[in-house]
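K.L.:
got a structure for you, letters missing:
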């Protein structure tokens, strides 16, 4: 089950390579990254021993995923315009406050592992589904523009593999809280892959080079070739 960790590492890498090279976020949206960060934080809370024992895999993978997503958001923040930066900061503050309230409420109001698992698990289902549902905004843009420029194939493919791996893990342990959001996520990512193959050909290529033929100008007073001249003896 090390593959989901690789998915976290590679999930948005091509997108951020593009952002760093162009030193601009262009039309890329920060919503999927912020949603993924919140999702990671909630799964970390779900995986801690005093909430849901024997969930070390969930805890470690999502803990590392949290730091990776934070790095990605930092890169996005560095190249975003001022108005978008303020939006990112406000969303981040809201997410941190929400997770703090959840953690404090669970520790103070629920006194058994089953109750804590149920509360945090339901929240993970809601926000895990919302994380994958945030991809719908990208899918809408693809349909409207008939272009997959801002929905890289690698992103959709890794999202599908990540959802499929966690779905398989949840079936082994029969954990509905993991199964529901990741099962839906795998389906949404599969839908993205279908859209990609539909609109790939209609996507304009930025590096398309037009081969222009320059007109040849032949001067009217050009001398005749030497081979056509005759020398009188």
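P.N.:
Yep, it's here. Owing to the predicted nature of the structure, the values given are computational and were not obtained by experimental measurement. Numbering: from 1, shown residues only.
K.L.:
Would you indicate which residues of the helix of greatest length in the chain are buried?
P.N.:
Using DSSP state H, we find that the single longest helix of the chain is helix 82-109. By neighbour count with 16 or more other C-beta atoms under 10 Å, helix 82-109 contains the buried residues 88, 91-92, 95, 99, 102-103, 106. In this view, the C-beta of every residue, glycine as well, is placed from N, C-alpha and C.
K.L.:
CSV for these, including pLDDT and distance to residue 157?
P.N.:
Shown next, in CSV, are the buried residues of helix 82-109 (pLDDT from 0 to 100; distance: C-beta to C-beta, whole Å):
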residue, pLDDT, distance to residue 157
88, 90, 26
91, 92, 27
92, 93, 28
95, 92, 27
99, 93, 29
102, 92, 32
103, 90, 34
106, 90, 35
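K.L.:
which among those residues gets closest to residue 34?
P.N.:
residue 91 (5.2 Å; C-beta to C-beta).
K.L.:
what's the closest one in contact with, if anything?
P.N.:
Neighbouring residues of residue 91 by C-beta atoms under 8 Å, 6 or more residues apart in numbering: 30, 34.
K.L.:
Let me have the buried residues of helix 82-109 in CSV, adding distance to residue 131 as columns.
P.N.:
Shown next, in CSV, are those (distance: C-beta to C-beta, whole Å):
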residue, distance to residue 131
88, 16
91, 13
92, 15
95, 12
99, 14
102, 16
103, 19
106, 20
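K.L.:
between these, which is closest to residue 174?
P.N.:
Checking the buried residues of helix 82-109 against residue 174 with C-beta to C-beta, the nearest one is residue 106 at 22.6 Å.
K.L.:
Okay, now the unreliable bits of this structure?
P.N.:
1-15, 27, 134-135, 150, 152, 205-233 (pLDDT under 70).
K.L.:
all strands in it, in order from the N-terminus.
P.N.:
Assigned by DSSP state E, the chain shows no strands.
K.L.:
What ranges does it have for its helices?
P.N.:
According to DSSP H, the helices that the chain contains are 3-10, 13-22, 31-47, 56-79, 82-109, 113-133, 135-145, 153-173, 176-199.
K.L.:
tell me the most buried of those?
P.N.:
helix 31-47 (a mean of 23; mean count of other C-beta atoms under 10 Å).
K.L.:
Please identify the nearest residue in space to residue 42, excluding sequence neighbours.
P.N.:
residue 124 (5.0 Å; C-beta to C-beta, 6 or more residues apart in numbering).
K.L.:
from memory that neighbour sits against residue 181, does it?
P.N.:
Yes - if you go by C-beta atoms under 8 Å, residue 124 and residue 181 touch, sitting 6.8 Å apart.
K.L.:
contacting residues around residue 202?
P.N.:
146-147.
K.L.:
do you know how far it is from residue 65?
P.N.:
34 Å (C-beta to C-beta, to the nearest Å).
K.L.:
Same question for residue 43.
P.N.:
8 Å.
K.L.:
cool, residue 83 as well?
P.N.:
For residue 83, the distance to residue 65 - C-beta to C-beta - is 28 Å.
K.L.:
Much appreciated, bye for now.
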